[in-house]
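K.L.:
The following block contains a protein sequence and its predicted model.
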Amino acid sequence: MGFFDWLQRLFTGGSAPRRRPLPMVPAKGRAEPGKQVGPKDRSLGLEIGALAPISSEELAEQASGLRAGVWFGRRDRIPPADDRRTQLIDRAMVGRGLVSSEELAELHAVGQEMDALRPDALTAAHKAQQAVELSREARRERKRLKKAEAAERKQQRAEQIARRRAEDIVFIGRGVSSSLADRRAELPRLREAGLPELATPAELATALGVDIPRLRWLAFHAETAMVSHYAQFSVPKKSGGERRLASPLPRLASCQRWIFEQILRRLPTHPQAHGFVTGKSTVSNARVHVQRAVLLNQDLCEFFPTITFPRIRGFFKALGYSPAVATLLALLCSECPRQRVLFKGQAYFVASGPRALPQGACTSPALSNLIARRLDARLAGLARRLDWSYTRYADDLSFSADAPANERLAYLMARVRHIVEDEGFEINQKKTRVLRQNARQAVTGIVVNERVAVPRKLRKRLRAILHQARRTGIEAQNRDDHPYFRSWLQGMIAYVSMVDPVRGSQLRQQLSLCAD
């Protein structure tokens, strides 16, 4: 049973275990030698009668008259012996035999020593508390400083990112940004070729006349985009089906025109390439094959879509441009075929294939000729060794030879297929034609049996339309409901004039006699 539990039972009238009373002798070490214990206990400063036994009723009566004081309920200190309540408790404990007077005296002596030492303990506790508070304050200050430093670093990083985004391009889309960190350009090589000397995205943006954010926006690659830089539409093919065209919007078209004028146009194409070359046409392409014993026409499958982004970037790198600039130039000149889809009311343009030359950009024809230059060189060399003639107009390959070379036709076709596949293209076997002089030989739509001429069917149709139009008017002959029939008719006559100027002049005179 604890001391305070005992006190509770003592004042409430409960019984407590009895202890044999101890004799009233002085505490050890406290009485002087030879000194007898007198009528007053020297160790407690109390009269002997103050420790006389007391009944429970008397104890309860005296305790009820005492008011609560400062020592009531304190468990951290031993109350002094001169306190009235303490005296009553001491008397009860000695009287009940719970403690001897010597033990009681020693207990109060310990309390006096504790009171004497308490100021130092309080001071030490106070200092310890202050040290704890200082440590906490130091930790709070360190934490505040670290937060401030972290916020400052975050702000500096945000400013650096904003500055870098405004002055440089380090990411341009997934799968295409790996070379943006390489700014090494072969400037002497570019200077020798007369090309713009560009090594960094900032230099390219300055040359294009746009800022870095606009260049990033125009060249950024995304599989799914909310904005498309191309207007896509379809036109019917002569052989059936539709051809998908993509016309760049004005801002991108401006950049592509600069690339064409300042870079692509300054580079020479192979002499056997006649498509999209200044001073050459379908007529110059067909004139090489006039009056030949055998004519071989072959077609390349998906010519523009086959020239993908990696090939375009490799071409610009081969010119001497840094990988970073080559990447941006290739992105500006290529695009994915896309499908417009709606998701939760928002339109998205989703890529349905890899980036390649778009059919509709001004840079695509020039790039196709330049990238196919090695193909032209290899095919021209093969044809020359076999005594054949070779020309290419876009994706149309034409070979012709006189009678003795006809024996090597099968070997030529096999070697052409191998070379084309080795250069990353593919022959469309469905459009392969071997034409001899006993049949109509045509190259890119122009008859070459005896001389270059438009097909007889087209000439007869134009003459019939003009003949009937002199009596009924031009619009009456518009049997296909063409929205711009007269313009179409003028264009067809201009085409005939390009191939055969004499017949074209005759048709033009007949058109002038027709009424609208």
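P.N.:
In hand now; what should we look at?
K.L.:
top strand in this protein by residue count?
P.N.:
Secondary structure assigned by DSSP state E gives strand 427-436 as the longest strand of the chain.
K.L.:
Partner strands of it and their direction?
P.N.:
Strand pairing for strand 427-436, using DSSP bridges, gives strand 294-300 (antiparallel).
K.L.:
Which elements pack onto the next helix or strand after the partner strand?
P.N.:
Using DSSP states H and E, the next helix or strand after strand 294-300 towards the C-terminus is helix 303-306. With contacts defined as 3 or more C-beta pairs under 8 Å, 6 or more residues apart in numbering; DSSP states H and E, the secondary structure elements packing on helix 303-306 are helix 363-371. All C-beta spots, glycine's among them, are computed from the backbone N, C-alpha and C.
K.L.:
The helix it packs on vs strand 294-300, what angle?
P.N.:
With axes from the mean of the first three to the mean of the last three C-alpha atoms, to 10 degrees applied, the angle from helix 363-371 to strand 294-300 works out at 120 degrees.
K.L.:
Quick one: name whatever helix or strand follows helix 363-371.
P.N.:
Past helix 363-371, heading to the C-terminal end, the next element that is a helix or strand (DSSP H and E) is helix 373-385.
K.L.:
buried sites along that next one?
P.N.:
Judged by neighbour count using 16 or more other C-beta atoms under 10 Å, the buried positions of helix 373-385 are Arg373, Leu375, Asp376, Arg378, Leu379, Ala380, Leu382, Ala383.
K.L.:
show me the contacts for the first one.
P.N.:
Taking C-beta atoms under 8 Å, 6 or more residues apart in numbering as the contact definition, Arg373 lies against Thr269, His270, Ala273.
K.L.:
can you tell me which of these lies nearest to Glu423?
P.N.:
Comparing the contacts of Arg373 against Glu423 with C-beta to C-beta picks out His270 as the nearest, at 12.5 Å.
K.L.:
which stretches of this structure form strands?
P.N.:
Ranges of strands in the chain, per DSSP E, are 40-41, 46-47, 224-225, 230-236, 242-248, 294-300, 338-343, 346-351, 389-393, 396-401, 427-436, 442-443, 446-447.
K.L.:
which residues does Gly175 contact?
P.N.:
Contacts of Gly175 (C-beta under 8 Å, 6+ apart): His221.
K.L.:
Look up how far Leu462 lies from it.
P.N.:
If you measure Gly175 against Leu462 using C-beta to C-beta, to the nearest Å, the figure is 51 Å.
K.L.:
ditto for Glu261
P.N.:
37 Å.
K.L.:
okay, these two: which has more neighbours?
P.N.:
Leu462 (21 against 11; other C-beta atoms under 10 Å).
K.L.:
same for the longest helix along the chain, what does it pack against?
P.N.:
Across the chain, the helix with the greatest residue count (assigned by DSSP state H) is helix 101-167. Contacts defined by 3+ C-beta pairs under 8 Å, 6+ apart place helix 101-167 against helix 84-95, helix 212-219.
K.L.:
Those helices: which one's closest to Glu450?
P.N.:
helix 212-219 (50.9 Å).
K.L.:
outside of that closest one, which residues touch it?
P.N.:
By C-beta under 8 Å, 6+ apart, the list of residues contacting helix 212-219 reads 165-169, 172, 201-202, 204-205, 208, 210, 229, 251-252, 255, 328, 331-332.
K.L.:
cool, stretch 277-290 as well?
P.N.:
Here stretch 277-290 makes contact (C-beta under 8 Å, 6+ apart) with 269, 273-275, 295, 369, 389, 391-393, 396, 398, 400, 441-446, 448-452, 498-499.
K.L.:
export the longest strand of the chain as CSV, just CAs?
P.N.:
Provided in CSV are the C-alpha atoms of strand 427-436 (Å, rounded to 0.1, in the frame of the first residue of the first chain):
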residue,chain,number,x,y,z
ILE,A,427,9.2,-1.5,-106.7
ASN,A,428,5.4,-1.6,-107.4
GLN,A,429,5.2,-4.7,-109.4
LYS,A,430,1.6,-4.0,-110.5
LYS,A,431,2.8,-0.9,-112.4
THR,A,432,5.7,-2.5,-114.2
ARG,A,433,5.3,-2.3,-117.9
VAL,A,434,7.5,-3.6,-120.8
LEU,A,435,6.6,-1.8,-124.0
ARG,A,436,7.8,-2.4,-127.5
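K.L.:
Now do it and strand 396-401, the angle between them.
P.N.:
Comparing the axes of strand 427-436 and strand 396-401 via the same axes, to 10 degrees yields an angle of 40 degrees.
K.L.:
looking at the helices and strands packed on helix 101-167, which has the lowest confidence?
P.N.:
Ranked by mean pLDDT, those bottom out at helix 84-95, which scores a mean of 83.
K.L.:
Buried residues of that one, list them for me.
P.N.:
Neighbour counts over helix 84-95 (16+ other C-beta under 10 Å) mark Arg85, Thr86, Gln87, Leu88, Ile89, Asp90, Arg91, Ala92, Met93, Val94 as buried.
K.L.:
name the helices or strands packed onto that helix?
P.N.:
The criterion is 3+ C-beta pairs under 8 Å, 6+ apart, and the helices and strands that helix 84-95 contacts are helix 3-11, helix 56-64, helix 101-167.
K.L.:
Now mean neighbour count too, for these, in JSON lines please.
P.N.:
Rendered in JSON lines, the data for the helices and strands packed on helix 84-95 read as follows (neighbours: other C-beta atoms under 10 Å):
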{"stretch": "helix 3-11", "mean neighbour count": "14"}
{"stretch": "helix 56-64", "mean neighbour count": "13"}
{"stretch": "helix 101-167", "mean neighbour count": "12"}
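K.L.:
so which of those helices gets nearest Ala324?
P.N.:
helix 101-167 (13.5 Å).
K.L.:
And the average pLDDT for that closest one is what?
P.N.:
If you average the pLDDT values across helix 101-167, you get 86.
K.L.:
Least confident secondary structure element in this structure?
P.N.:
Here the helix or strand of the chain ranked lowest by mean pLDDT, DSSP states H and E is strand 40-41, holding a mean of 44.
K.L.:
Below-threshold pLDDT in the stretch 301-450 of the chain: ranges please.
P.N.:
Along the stretch 301-450 of the chain, the model assigns pLDDT under 70 to residues 405.
K.L.:
And stretch 451-458, end to end?
P.N.:
Taking C-alpha to C-alpha, to the nearest Å, the span from the opening residue of stretch 451-458 to its closing residue is 16 Å.
K.L.:
So what touches it?
P.N.:
Counting by C-beta under 8 Å, 6+ apart, stretch 451-458 makes contact with 283, 286-287, 290-291, 440, 442, 445-447, 492, 495-496, 499-500, 503, all of which sit outside it.
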